[in-house]
Structure formats: C-alpha cells, structure tokens
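Trainee: Any chance you can model this:
(2 chains)
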Amino acid sequence: MAITFVLNGNSQSIDVSPDMPLLWVLRDILNMTGTKFGCGMALCGACTVHINGEASRSCITPISTVAGKNITTIEGLSLDGTHPVQQAWVAEDVPQCGYCQSGQIMSAVALLAKKTNPTDADIDDAMSGNICRCGTYQRIRKAIHRAAAASPAKTNSAA
Amino acid sequence: MTTTPVLQRRDFLKTAATGSAVLLIGFHLPTSAFADSSEDQEKKPVNPFNAWVRIAPDNQVTLILGKSEMGQGIMTALPMILAEELCLDWSKIKIDQAPTNPKIYDLGTGGSGSVAGSWTPLRQAGAAAREMLITAAAQRWNVLRDTCKAQDGGVLHGARKQFFTYGELAPDAAKLPIPDFHTVPLKSSADFTIVGHDQQSVVARKKSTGAAKFGIDARPANLQYAVIARCPVFGGKVAKFDATKAKAVPGVRDVFAIDAVAMGAFTAGGVVVIADNSWAAMQGRKALAITWDEGPHAAESSASLHQQFIDNAAKPGKVVRNDGDADAALAAAPKKLESVYEIPFAAHACMEPMNCTVHIRPDGAEAWIPTQAPQWAQDVIAQVSGLKPESVIVHTTLMGGGFGRRYQADFAVEAAQVAKAVGKPVMVLWTREDDMQHDFYRPAAYHRLQGAVDPQGALLAWKHFQTSTSIAAVWEKNGLEKPEQSEFGTAAFIPYRTPNFRVEYTLAQSGVPRAWWRSVEHSGCGFVVESFVDELAHAAGADPVAFRLKLLGDPRIIPDFFGPTENKPLNSARLEGVLKLAAEKAGWGTPLPKGVAHGIATYYSFESYTAAVAEVSVKDGQVNVQRIVYAVDCGRPINPEGVTAQVESAAIYGLSAFMNDAITINKGRVEQSNFNDYEMPRINQSPKIEVHIVRSTEDPTGIGEPGLPVIAPAVCNAVFALTNKRLRRLPIQPADLA
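Mentor: Predicted coordinates:
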C-alpha cells in the first residue's frame, strides 16, 4: 500500500514494505544519496533528517511512521549551499572526508531552529549524537556559532 | 572534482606524438605509500607518468592525478602547488581523478605522502608548462622571451600591454619541446602568493549540500544491492546453508556462496544475498540459516593472545638493534625502571562503511570504488573476472574516511566475485557490523621498556622489547625474516642519546587480520616511548621538558633505522623546535588551576615533527582532556589551514585510541559490533585544540598522520602529573586510575 508524505516540500508517494526505514527509501528507492548510512542503529547520526522539524534518525524510522508527515533532507536545505548553516560550514572549512556532514548539518539546523543563539552546552547536547571520525568537532562548534551570528533571527526574543 | 576517466592511453600517445590543441605535460608522482605486498603490484614495470597537466583551448587547466581524496585535502593542496608555478587562480584548476590503466599509472594514496611526494614534480610540471606558454607567446608576438611573463592564467607582454590566455597559447605551446624538469626554473619562494597561504577546501560546498558522491552513492542503471554473511570467526568458511527463508523476503533476487580468496587482499568468503535494495538484502541475510566451519582460529581470544605475549616476553626476542651493552648497563645502574605497556587491536571505523560497486560484462568491467589503491582494486577485479586489467575501468570515488583501511582490496575482490555471478551492476554494501568485525586491525602489542638514568640526568641505557601481531606477517607467513620492520618505526631510532640501546622483537601468532591504521606503528610506539621517557624524567626528579631537551643534546642527524637511504633522517634540532614551541604556547611550567595538569610528548613520524601538550583534569575516575596545544613542523606548509585541520583530526583519532579503541577477540571472533560497544569521541568530549605550525622552508612532509602518536602519551603523562597514576594500557582502563 502506498505511503504518502511531504519530502522537501513536495508530495511523495511510495509503495514499499512498511517496515523499510526511511533511510533506504531515500537512498535506494528515490536515489537521494545525500542522507548517509553509518550504523543502522541510531548511534552515529549520519542519517539525520527532519521529520516535522525534529532531527530524526532515518535509519530506524520505518517508512510507515512518516505517512502524512513533513520530511526535510540535506537536499531540502538548499542544493547550492546557500542555507546559512551550509554557508557557515563552508566558511569554517568544516568537512574533511565529509561523509557525516549531512547529518551534522541537519542536527545543527534543528538546534538553531529551537535556540537561535546556542551556548556551547546547548551545542554539546544537540550534537553529541552525531559522530565525526575525522574529528571536525571544533569547527562544527564554530560553524554553529557563526550561523547563529549570521541569522537575522538573532535576538533575545527566543529566550 | 570528477570521477570520469578523461584520458585513455591511446589518446595520450596520440596527443604526445603529434602535438594537438591541448598542451599536455605528463610527469611522475612517486607512490609515497605503504609497500603493498601483492606480488603482482611489485612486478609491474615503473611507468613514466601517473599525472598530467592539461591546458585546453577553452582555457580550462586540469590536473589529472592518481591520488585519492579521503578528507586529507589533496584536492586543495595539490592544485595550489601547480597554480603557484603556473601563475593562475588555483581554485579554477579542475581536478580529474586519473583512470586506472596499468600500462601508464602507478596509483596509491597513503603513508601521509601525497603532498610530500607531489611537491617537486608538480612544481616542475607547472614551471615547464609556464615556460612553454611564455615561449609560445613570445614567438607569436615575435618579441624576446624575457619581455613576457606569466600572470593570471595567461602571458603578458609588458611593453605592448598585450595578453594571451593560456588557452589561446596551448595549441602553439603543445608543439614545443618539453623543458628538462631538472633545469626548468622554479619560482622563488619569496614570490609565492598561494603556497603557504590559507585556502578553503574546494569540496567543502559539495560536502555541505549532500552533492558529494562517495562510493556508497554510486547508482549506475539497473543497480542491484548485495550483502554478504561472512564467517564471524577469522579463517572460517561456510559448511552449509539454507536460503529458503531468505529467498522469500520481498525484494531478494538471489542467494549464493562465494569462496574466501587471498590475492594479497584476504577475504572471508560467505553467503551473498542479492536484492533490489540494501534493506531487502539485509533482511534476507537475517533469514539465512548457515552452518559455519570455524576453521583453525576458533579458540583464539584476547586472553590467549595476552598469555602468548607474557610467554614471549619471558624469553629474549630477536635482536633488532644493539648499541653498546644495555643489559650490562642496566645491571650496573643504581636506579632503573622497567615498565610494560599493552595496546589492543583497533578498528578503523571509517564513517562510510566499506562498499564496492562493480559491473562485469563479457568484454570489460566498470567499478566505482572508494579506494586508496585503485590500481590494486583493478588488478583483483581483472583476476576474478578473467579480464585484462586495462579492460577494467575503475572510478575512484570520494571516500568517507580511509585511515589505511581503504588501502586494502578485499572489498573489491568480493564485489568482483559477486558481480561476476550476477552479470549486472551490483554494490556490495558492508553494514557497520560487517565493517567492525572484518577489518584489518591495528596490531595488538605488548612492550617492555627498561631504562636507567644517572644522577646528572644522562640516559645510561634503553632497552625495548616488543611482541606483537605484526602487519608484515599478514603477507609473509612463510620465510618471515623481518616482522619487526612494520612495528617499531621511530622507536628503533629514538632521538634521546644513550650509549646502550637495545631493541628486541618476538612475533606473536594470530588469525586476526592486521594492517595499517592511521599512523601505523607510530600510534603504539609513540605512546610507549614518550610515556617511558616521562617515567624516566619523573624518576630523575626532572621537569619532563627539560629532561627531554637534555637527552636530545646538541643538534644531530639521526638516520631512519629502517630506511636510512630512502627516508629523510631525523633532525633533532627540528624536534627540539617543536618541543619548545608547544611548551611555550601551552604555558608549560606556569601555575595551573587546582585539579588541572599538563603532560607533554614529542615524536617524529612520516618525516614530520610534532609535540603536544595536553591539559587534563580528572573527576570521578573520568579523564577530561580540556585542551591540546600542538606544535608541528611538516616542512613548508602548503595550505596552513589544511595542515591545522589534519592535526585537529589526528588529535581526535588519537583521543579515540586513548579513550575507547579496543577490539577484543573471543572464540576467534570480534566481540564489538557497532558504535555502542566501539565508541567514538563525540563533540562533548572534544577538547579545544590549538595548532602552531613552524614556518619551515624545508620541503613539505607528511601531516595526515603525525599528529596522532603524541596524543595518548601527552594525555597519560598529564594524568600522571595530576594523579601519580601511570596509565600503561590503551585504551584507558578504570582500574588503572583507581
């Protein structure tokens, strides 16, 4: 039976096994490979997408559970790197191998949507589910602060 | 950044022979890589070229090279070097990944050697192209050459204010003789405007939008997906299997067995599940019923290996080096120390699990491989398929981490076996569990250090016994002559002066595959040497920095014990330089808050010099590394920002070795399976890292790995300074802090 959801702003209908994780629907059925496979157990965060705005691990999310929901993937932020968080990632030269960075960026965007000016402790809380084997953590921290500073929403109103 | 093969041998010969619209300059980059022990590799003739500069009439300058990008930044550093000599905007240089062709290429990326090995050849190639283009311009204007100069991607004739782009000149330049690389004038470093200046990575944008394509992202038409059930015991094989339930899983297309093979790369063989997507293949694998023949290593365990180490250590080892008489000096010394250090197997844990996509047709094959050794991959695919190597096109993709793991060809062998059976494009995907349990691990090792210092702080003797599961022994099981060569590195030519220096080695037997793990033997040897020096310093009541400086003594040149002719010698003055710089920048010796301490380590590896000061605190039995201050001397830094990034990365990888990395064996199999039981450092455990780069004018040397070996000893030395507890086992054991 087809499952329908909104993917990066467009309606998407998929007819696959209902227990197939969203990750594999994205990667193998829709060929949207920006979202990465790292562990399959929600341990590393490489597969992070937004489901109704919440950072979620697509590797353990059965496709049946996203019916009617809004999914945003890395491709949905911007394809040309103009999203402020992507720009901050480039400016701080964050990626090394780059494999985990889609997931890192999706976690960071979700954090900044909730806290427009996060502290280091906020960043630790929100980002510690994302592993980077190249160890770009220091730059991720700087990039999140940079994106926060660049955002027009940077006021105290969120506090 | 593209993975399209751009130049086949035929085109190359034609271009070179007749001259054409394209200016093409071929040159050779040495494979400053690990010796790979595949005999077929060794038999290959040395080819004249493995890299090219290509300038087309549309003014596109392309660098075609056989080096793989795994996050180390060569796609930035290498075009920077070329652009410096060629006088153009480096970011406009296109990089094409060289296609594998055994007749003209010699590919491989490892040993922290890409920049070091490319520096001179790339400069020479850029200078040769520049000189030819200037000559072509002078001829076209009919003016003297020295009235023309290269600038901004073209040639300028100052007097007439005339300008030709390189593209406009390329057809004429291509007809000129290529200058002798050894005499072509190179730019003075005083005129450098690109090299030595911070540059942003050219691939950062693609890696921030999901557009960057890794091996796992290959999607050729009609792709099928495969996973393999491998025997969990190393050396085991399939006895029998029942695929009935697996074949009933929706999306599963086929199930069959493949044999284990040893082609330099060792594979486990197993039962393959082919499906329409990765998930179905994994579900199919879960439904398999397999009986394993567990083979000869089914009784191996970490405990049995530890016992083997103890037994080996009770007997003298093979003498690797013997200066003076260390045993006599130790016997006579009034004050001596003896310490044992242990290091377990470690997995690479690249974020992108191993994978390989291959399509084998009757007339040829095509493969998409995240590999540090594309030519080796090509060879094994050719052997498995029965095709000639030149009929196998390998697309070297971006890699989601390499760290030495992707210098293996095991994943290519398996994929070729599967693709041969399937006849369609197929990706063999490894799950995290597969990746963790079928790695080629950092060897487990046991070191015993003995030393003595006189009251004046002179090192009377240094004796280092090691028993380990050597990397070399993986390939040389028979007639093994020098298993120690892959295990000591700098530990066999320590920079600390002593008249009595003895190094011994005993090989330990294991069925666990071993190979190169970031910084290879230096990760363990840096830990033991720099920890033991610290022990001696404390025993002598000396400051660890002052103690090291005294033992370094007057500047001298120390040959690489294992490569005295091919490797650069250790220059103790440069080591002293980074030691002093790290100490100064960290504020060594200045009072720290209560509960905080500094530890230091310094080491030479991959021809580079590093020192690190770790600032740690300990609370409730937890070591908190707050700050790491590095000084590094890797010769002339090409992209200082890239050097900094590599050192930051090595720090976290080294911290991982200190905190977590342990693969343990029970009943012949790996006990860990995923990031829950093989944990990685996370952002909340990530210290502040400062990197101070020596602005050397020496030729560039490695930087992908040298930052790693100093981390564990610097942290452990700081823990000792704070707690008086000496940590001699990696990763940290709570019992050792208690």
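
Trainee: Tell me which stretches of chain A form helices.
Mentor: A:22-24, A:74-77, A:84-91, A:101-114, A:120-127, A:137-150 (DSSP state H).

Trainee: most tightly surrounded among the ones you listed?
Mentor: Across these, the average number of neighbours (mean count of other Cβ atoms under 10 Å in any protein chain shown) peaks for helix A:22-24, which reaches a mean of 27. Yep, even glycine has a C-beta here, placed from its N, CA and C like the rest.

Trainee: Below-threshold pLDDT in chain B: ranges please.
Mentor: Low-confidence regions of chain B, defined by pLDDT under 70, span residues B:1-20, B:30-49, B:100-107, B:159-160, B:477-480.

Trainee: 50 instead?
Mentor: Along chain B, segments meeting pLDDT under 50 span B:1-18, B:32-46.

Trainee: Can you lay out the helices of chain A as TSV showing distance to B:Thr590?
Mentor: Shown next, in TSV, are these (distance: least, Cβ to Cβ, whole Å):
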stretch	distance to B:Thr590
helix A:22-24	50
helix A:74-77	45
helix A:84-91	34
helix A:101-114	36
helix A:120-127	25
helix A:137-150	24
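
Trainee: So which residue is smack in the middle of chain A?
Mentor: For chain A, the residue nearest the mean C-alpha position is A:Met106 (2.0 Å; Cα atoms, centre = their mean).

Trainee: That one: what's it in contact with?
Mentor: A:Thr48, A:Val49, A:His50, A:Ala55, A:Thr72, A:Thr73, A:Ile74, A:Leu77 (Cβ atoms under 8 Å, 6 or more residues apart in numbering or on different chains).

Trainee: Just the buried residues of those.
Mentor: Those of those that meet the buried threshold are A:Thr48, A:Val49, A:His50, A:Ala55, A:Thr72, A:Thr73, A:Ile74, A:Leu77, by 16 or more other Cβ atoms under 10 Å in any protein chain shown.

Trainee: does the fourth one really touch A:Gln104, like I thought?
Mentor: What it means is A:Ala55. No - between A:Ala55 and A:Gln104 there is no contact under Cβ atoms under 8 Å: 10.5 Å.

Trainee: joint contacts of those two?
Mentor: With Cβ under 8 Å, 6+ apart, A:Ala55 and A:Gln104 have common neighbours A:Thr48.

Trainee: count of neighbours near B:Ala412?
Mentor: Applying other Cβ atoms under 10 Å in any protein chain shown, we find 30 residues neighbouring B:Ala412.

Trainee: Actually, A:Gly9.
Mentor: Per other Cβ under 10 Å, the neighbour tally for A:Gly9 reads 9.

Trainee: Next one: it from B:Pro425, what distance?
Mentor: 31 Å (Cβ to Cβ, to the nearest Å).

Trainee: Would you double-check that B:Asp379 falls in a strand?
Mentor: No - assessed with DSSP: H, G, I helix; E, B strand; the rest coil, B:Asp379 is helix; it does not lie in a strand.

Trainee: Tell me how far it lies from chain A.
Mentor: Between B:Asp379 and chain A the computed distance is 25 Å (Cβ to the nearest Cβ, to the nearest Å).

Trainee: from what I can see that residue touches B:Lys388, true?
Mentor: No - between B:Asp379 and B:Lys388 there is no contact under Cβ under 8 Å: 10.7 Å.

Trainee: quick revisit: among the helices of chain A, single out whichever gets nearest to B:Pro555.
Mentor: helix A:137-150 (34.1 Å; Cβ to Cβ).

Trainee: looking only at pLDDT, what's the mean for that closest one?
Mentor: The average of the pLDDT scores along helix A:137-150 is 97.

Trainee: Now do that helix against helix A:101-114, angle only.
Mentor: Following axes from the mean of the first three to the mean of the last three Cα atoms, to 10 degrees, one obtains 40 degrees for the angle between helix A:137-150 and helix A:101-114.

Trainee: so who does whatever residue of the stretch 1-150 of chain B ends up closest to chain A touch?
Mentor: Taking Cβ to the nearest Cβ, chain A has its nearest neighbour within the stretch 1-150 of chain B at B:Gly71, 3.1 Å off. Contacts for B:Gly71 (Cβ under 8 Å, 6+ apart) come out as A:Pro95, A:Gln96, A:Cys97, A:Gly98, A:Cys134, B:Met399, B:Gly401, B:Gly402, B:Ser649.

Trainee: just the residues you listed now: which is nearest B:Thr602?
Mentor: Closest approach to B:Thr602 among the contacts of B:Gly71 (Cβ to Cβ): B:Ser649, at 19.3 Å.

Trainee: Burial check on that closest one, number of neighbours?
Mentor: Using other Cβ under 10 Å, B:Ser649 has 32 other residues around it.

Trainee: Is it in a helix, a strand, or coil?
Mentor: B:Ser649 falls in the helix class when you classify it by three-state DSSP.

Trainee: Next, give phi and psi for the residue nearest to B:Leu65 when sequence neighbours are not counted.
Mentor: Of all residues not flanking B:Leu65 in the chain, B:Ala51 sits nearest, at 4.3 Å (Cβ to Cβ, 6 or more residues apart in numbering or on different chains). In terms of degrees, to the nearest 10, the main-chain angles of B:Ala51 are phi -150, psi 150.

Trainee: Also B:Ala268?
Mentor: As for B:Ala268, its main-chain torsions (degrees, to the nearest 10) stand at phi -90, psi -10.

Trainee: List the contacts of it.
Mentor: Residues in contact with B:Ala268 (Cβ under 8 Å, 6+ apart) are B:Ile228, B:Arg230, B:Cys231, B:Phe234, B:Gly236, B:Lys237, B:Ala260, B:His438.

Trainee: need the contact list for the last one.
Mentor: If a contact means Cβ under 8 Å, 6+ apart, then B:His438 has B:Arg230, B:Ala268, B:Asp410, B:Trp430, B:Pro513 as its contacts.

Trainee: State the distance from it to chain A.
Mentor: In this view, B:His438 and chain A are 16 Å apart by Cβ to the nearest Cβ.

Trainee: re earlier: of the contacts of B:His438, which belong to strands?
Mentor: Using DSSP state E, no member of those falls within strands.

Trainee: Please pick the buried ones from the residues you listed.
Mentor: The buried subset of the contacts of B:His438 - by 16+ other Cβ under 10 Å - is B:Arg230, B:Ala268, B:Asp410, B:Trp430, B:Pro513.

Trainee: Pull the most distant pair out of those residues.
Mentor: Using Cβ to Cβ, those span at most 14.3 Å, a distance reached by B:Trp430 and B:Pro513.

Trainee: how's chain A carved up into domains?
Mentor: Taking automatic domain parsing as the reference, chain A has its domains at A:3-77, A:84-152.
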